[in-house]
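J.: give me the fold of what follows.
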Amino acid sequence: MPLPVPFSSAAAVRALRAAGCVFAEDEAELILATARTPAEAAGMVDRRAAGLPLEQVLGWARFHGLRITVEPGVFVPRRRTEFLVDQALAIAPDATVVVDLCCGSGALGAALAHTLGGAEVHAADIDPAAVRCARRNLAAFGGRAHQGDLYDALPPALRGRVGVLTANVPYVPTAEVALLPAEARDHEPAVALDGGADGLDVLRRVATGAPEWLAPGGCLLSETSERQAPAALEAFAAAGLTTRLAVSDELYAHVVIGVLP
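T.: This next block holds a predicted model:
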């Protein structure tokens, strides 16, 4: 049922709680702070109550200290993926060329560009909606976003020059996509979720192609699950990379890291 306009914070909380939003108070506060008019706030509460991810309702997500624009139908950056950014910065604090494959909103590229300062940053995604979103998020840093299938999207001049290559690939096994929460399953693109039979199809393709694009000593980082980590490490090693696994118990994050000797 649409909310009355104007409406109170309490009414927003009641509507969100009735829809099953666990953090109804916090979400109502964010919606009311973002909306420009009472009518817009009411519409945002209605969309959230209908199941749209909060970040897509707000139009932004907080990621690694930045406000990242998130458009409808674009993968929402997860807090656990901040761990991947931190690992990249720890390994290559002076990187001058960064590539963010499977970029979605471009959150990883933007976070790295913001911290590195002056780095040449490129992002790529097969989804045109994601590329449009990434262009908006990278514009402040002079970054560029390209549409295409993995490395096919990148300018050839980047070969052998990339210091940090991030790839937040889809890694949900096909048979498990239907088990995801409705927010992801119904409102995020399947191409950003479905990683094939064992969830590692895209990761293997990224690993195989990485040595052609990395600079000597350059690193590839990709998020995966605890269960998939051993097979992901094998894929990185098969590509000729020196590998290790970084884990954050707090964020339940698992990042496979490969360095080109």
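J.: where along the stretch 151-261 of the chain do the helices fall?
T.: Here the stretch 151-261 of the chain has its helices, by DSSP state H, counting those that start in this stretch, at 182-187, 201-213, 229-238.
J.: which stretch among the ones you listed comes nearest Ala123?
T.: Smallest distance to Ala123 across these (CB to CB): 13.8 Å, for helix 201-213. C-beta: built from backbone N, CA, C; applies to glycine.
J.: could you count how many residues lie near the closest residue to Arg136 other than its chain neighbours?
T.: Ranked by CB to CB, 6 or more residues apart in numbering and with sequence neighbours excluded, the top spatial neighbour of Arg136 is Thr69, at 5.0 Å. Counted with other CB atoms under 10 Å, residues neighbouring Thr69 total 22.
J.: make sure Thr69 is actually in contact with Trp60.
T.: Yes: Thr69 lies in contact with Trp60 (CB atoms under 8 Å); the separation is 5.7 Å.
J.: tell me, what residue is most central in the chain?
T.: The chain has Pro77 as the residue nearest its centroid, 3.7 Å off, counting by CA atoms, centre = their mean.
J.: let's verify that one: helix, strand, or coil?
T.: Counting by DSSP: H, G, I helix; E, B strand; the rest coil, the backbone at Pro77 sits in coil.
J.: if I look at the closest residue to it other than its chain neighbours, how far off is Glu223?
T.: In space, and not counting its chain neighbours, Pro77 is closest to Ala107: 3.8 Å by CB to CB, 6+ apart. Between Ala107 and Glu223 the computed distance is 12 Å (CB to CB, to the nearest Å).
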